[in-house]
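Q: Make a model of this:
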Amino acid sequence: MTSNQPSCFTTFSADVSADVLSSTLPEKFTFPFYYQPHPLCLLAAKELQQHLMTQSDWYHNFGLSDDPALIIGKMFGVLLVKNRDGELGYLSAFSGKLADQNHLPKFVPPVFDMLACDSFFHHEQHVIKQLTAQFDAILHDTAYQVAKDNFADTQARCLAEIEQKRLRVVANRAKRKALRDNATVESNIAEPPSAEPDGAVHDALLKTLAAQSIEDKLEFTQDKKDLLSTIALAKSTLDQFEQKIQSLKKQRKTLSAQLQQRLFEQYQFLNALGDEKSLAAIFSDTVMRTPPAGAGECAAPKLLHYAYSHNLAPIAMAEFWWGASPKSQVRKHMQFYPACIGKCQPILNHMLEGIMVEENQLLKNAADDEQIEIIYQDDEMLIINKPAQLLSVPGKHINDSVYSRIKAMLPHATGSLIVHRLDMSTSGLMVIALSTAAHKVLQKQFISRQVSKRYMALIDGILTDEDGVITLPLAGDFYDRPRQCVCEKTGKPAHTTWQVIERRHKTLQTKVFLHPRTGRTHQLRVHCAHERGLNMPIVGDDLYGTRARRLHLHAQYLGLFHPVSNQWLEFTCEPDF
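A: Alright, predicted model coming up:
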């Protein structure tokens, strides 16, 4: 590295310089959300990985051979760049913090360092911590606990006493009613009205009972008022503490929001045109409005911002995971991954303005030349073999799909046609309803799980067991759609049984049957790839594994009742792998 180069600019090792010089540079910059790493990025990543294995300047528990507690794997990125002299090199970055630090030798710094000594963050965070300390002090104050307990006890006791007194009033009222009813009956069977003494006694009794009723009501009203006053007194003592707590909470919330907004404004991202845009401004135009936690701290924005700030021309980029996988996500050690959609896409959309970027391959119709094979057809339904890469229904950018093709093929078919879906990347058997009535019957079978389904998959690894069950609950990854994650709290139940068909030891792959009892998005893909599932991704899985010619997942068997005859029908279709 020459003395006039930015400190994070790394030239390739001398022993591979000939390979670097002979490599063909890409004409366009990497599309960061779906890519195959350029050979030079692979080379840079290899050198960075060697550095991670050999450096001794800092320590971080990646979970590779350390204590299993507090393991934090990390996403790293490399950015292939040219300096003003045309010299080729690369930049390195990590997402978030590494070894509890923002600054480490060889790696680019954060776009904004909130942990810097002179940062306003420390002072304002200190004020917020003081409010939290005051809040905690009240919560642990003996007087507060006594006031809480006294209020709870007083309220329970007084309400119970009020109820007892109310029941006593009710009982007295019932007694008086019985006396009135009895006196009225006796009066009706007595001598004629000329017997004035008996009438006078009856009237006197009614007056006495009426007076008792009034006395009961007044006494109950006063007692209730006194007991409620006792409760209110206990509540007022507690309220003195609660008001302080709510005031501190409000102050803390306001200061935290102000601090967060100030931080969002401090993160200013450059693009190739030299334009700066804050994190707050970038996300103001998105559906989220507010930047999610950690936005701007990922490797990709840090790399590009450093390159623009130091007059380095970005050429290509790649990001890889290093360390153990998070419990909720699928991350494989040393595997390359695209930038995340939720946190990085709005930022990178701005930062990549002004440079030529590769086309988004996800917007191309990869199934344009593929044909739908009809396995079975009658007046009520079709059974088809859907090719891989063909959508089940029209997408946001691609209209070509099973639905559009069947609609064109059978224009007189009525109803919604599509009864169930297969992922675009998955091939195999699908049932198509050709009438509204058939659609209703068939869909009901899927909802009630009367339909029998079996998939065939080729997974990347050798399974030692013969069969098993996977029950990992799944939820959408809010910040990285369409990826799914495992979540015990919010995930929906997902159940898959599996069975080994064949072990291919030469290629270190296993062919398996997969039986999904539930139909969650990407269920089979996640259950295969996740470390608590098979821990072996399906071959060709571009989300949870490594991209290949195709995703080796095929709906091989389908069993259902005919929507009109109610006859049980079974269909099989073998995959091309």
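Q: what ranges do the helices span in the stretch 151-300 of the chain?
A: Remark: helices assigned in the stretch 151-300 of the chain by DSSP state H, counting those that start in this stretch are 196-266, 279-284, 299-309.
Q: Mean neighbour count, the ones you listed: which tops it?
A: Mean neighbour count (mean count of other C-beta atoms under 10 Å) peaks for helix 299-309 among the helices of the stretch 151-300 of the chain, with a mean of 25. Where C-beta positions appear, they are placed from N, C-alpha and C, glycine not excepted.
Q: and after that helix, which helix or strand comes next?
A: strand 313-322 (DSSP states H and E).
Q: Please work out the average pLDDT along the next helix or strand after that next one.
A: Next along the chain after strand 313-322, taking DSSP H and E as the criterion, comes strand 336-337. Averaging pLDDT along strand 336-337 gives 96.
Q: what residues does strand 336-337 touch?
A: P37, A45, M75, A318, E319, F320, W321, R331 (C-beta atoms under 8 Å, 6 or more residues apart in numbering).
Q: go again using 6 Å as the cut-off
A: P37, A318, E319, F320 (C-beta atoms under 6 Å, 6 or more residues apart in numbering).
Q: Now distance to H562, pLDDT and neighbour count too, for these, in CSV please.
A: Converted to CSV, the contacts of strand 336-337 look like this (distance: C-beta to C-beta, whole Å; pLDDT from 0 to 100; neighbours: other C-beta atoms under 10 Å):
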residue, distance to H562, pLDDT, neighbour count
P37, 50, 96, 19
A318, 51, 98, 26
E319, 50, 98, 28
F320, 51, 98, 24
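Q: With respect to I383, which of the helices of the stretch 151-300 of the chain lies nearest?
A: helix 299-309 (44.4 Å; C-beta to C-beta).
Q: Quick one: list the elements packing against the closest one.
A: When contacts are defined as 3 or more C-beta pairs under 6 Å, 6 or more residues apart in numbering; DSSP states H and E, helix 299-309 sits against strand 74-82, strand 88-94, strand 268-270, helix 341-351.
Q: gap between the second one and the chain center?
A: What that stands for is strand 88-94. 31 Å (C-alpha atoms, centre = their mean, to the nearest Å).
Q: helix or strand right after that strand?
A: Sequence-wise, the next helix or strand beyond strand 88-94 is helix 120-139, with elements assigned using DSSP H and E.
Q: That following helix packs against which elements?
A: If you count contacts as 3+ C-beta pairs under 6 Å, 6+ apart, helix 120-139 packs onto helix 196-266.
Q: which helices and strands does the helix it packs on pack with?
A: Going by 3+ C-beta pairs under 6 Å, 6+ apart, helix 196-266 lies up against helix 120-139, helix 142-188, helix 279-284.
Q: out of those helices, deepest packed?
A: A comparison of these by mean neighbour count, using mean count of other C-beta under 10 Å, puts helix 279-284 on top with a mean of 19.
Q: Identify the residues contacting that one?
A: Outside of helix 279-284, the residues within contact range by C-beta under 6 Å, 6+ apart are F264, E265, Y267, P291, G296, P346, I347, H350.
Q: just the buried members of those residues?
A: By neighbour count, with 16 or more other C-beta atoms under 10 Å, the contacts of helix 279-284 hold F264, Y267, P291, G296, P346, I347, H350 as buried.
Q: can you redo these as TSV with distance to I375?
A: Below are the buried ones among the contacts of helix 279-284 laid out as TSV (distance: C-beta to C-beta, whole Å):
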residue	distance to I375
F264	55
Y267	55
P291	49
G296	51
P346	44
I347	47
H350	48
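Q: Good, wrapping up.
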